[in-house]
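Student: Provided below for reference: sequence and predicted model.
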Amino acid sequence: MKNKTIKEPEDINLHIRKRSAKYFLLSILMLGLNILNFLFLKYLWTFLELGNLKREISYQPIDLLIIYPIIQQYILLSLLIICIFSIFNKLKNYKEEELIYGIIVGLLVGFLYGLLVGFLYGLILGLIYGIIAGLIYGIIHVLSNN
């Protein structure tokens, strides 16, 4: 009969690689920046009184100040997602030329798409509202002359 020996349980050590720890701390930092930027965005929104979009006065160019923190929040959220992803997976290195080319092409395609959609949307709605307003004005004008 064979002697079976029972192995004693070994201490379990959880090792966090330095690379993962660095990206984990970077993720916490990015999360903090996201929260602070969101609070700033909320404060700026109330300071510019943009919460009440039904106000009678027209918007001023200073109201466009809200665009910068919105873009910044988008960038910070993207970086946070990249940092969280890099904790678990090693990111590939990219050549700078390819990255710059991809950014430029992405910006141009997004700009042209937004311009085209905005133009068509504005053209169609302007045409519809113009026709409706013209018909109403014409009917009122004809009825008031009789």
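Tutor: Happy to help now that I have it.

Student: roughly how far apart are residue 140 and residue 96?
Tutor: Going from residue 140 to residue 96 by Cβ to Cβ, to the nearest Å gives 64 Å. Placement of C-beta: from N, CA and C, glycine included.

Student: so which of the two has more stuff around it?
Tutor: Neighbour totals were compared for residue 140 and residue 96, and residue 140 leads with 10 against 7 (other Cβ atoms under 10 Å).

Student: host element of the more buried one?
Tutor: Applying DSSP states H and E as the criterion places residue 140 in helix 96-145.

Student: how far does that helix sit from its chain's centre?
Tutor: Mean-position distance between helix 96-145 and its chain equals 22 Å (Cα atoms, centre = their mean, to the nearest Å).

Student: domains in this structure, by residue range?
Tutor: Structural domains assigned to the chain are 13-92, 94-146, following automatic domain parsing.

Student: could you identify which of the ones you listed is most buried?
Tutor: Compared across these, domain 13-92 shows the largest average neighbour count, a mean of 12 (mean count of other Cβ atoms under 10 Å).

Student: for that one, what is the average pLDDT?
Tutor: Averaged across domain 13-92, the pLDDT comes to 77.

Student: from the contact counts, what lies against the host helix or strand of residue 82?
Tutor: Residue 82 belongs to helix 67-88 when elements are defined using DSSP H and E. Counting contacts by 3 or more Cβ pairs under 8 Å, 6 or more residues apart in numbering; DSSP states H and E, helix 67-88 is packed against helix 18-47.

Student: quick one: secondary structure of residue 93?
Tutor: Three-state call for residue 93 (DSSP: H, G, I helix; E, B strand; the rest coil): coil.

Student: tell me how far it lies from residue 47.
Tutor: Residue 93 sits 43 Å away from residue 47, going by Cβ to Cβ.

Student: for residue 60, same thing?
Tutor: In terms of Cβ to Cβ, residue 60 sits 13 Å off from residue 47.

Student: likewise residue 112?
Tutor: Distance, residue 112 to residue 47, by Cβ to Cβ: 34 Å.
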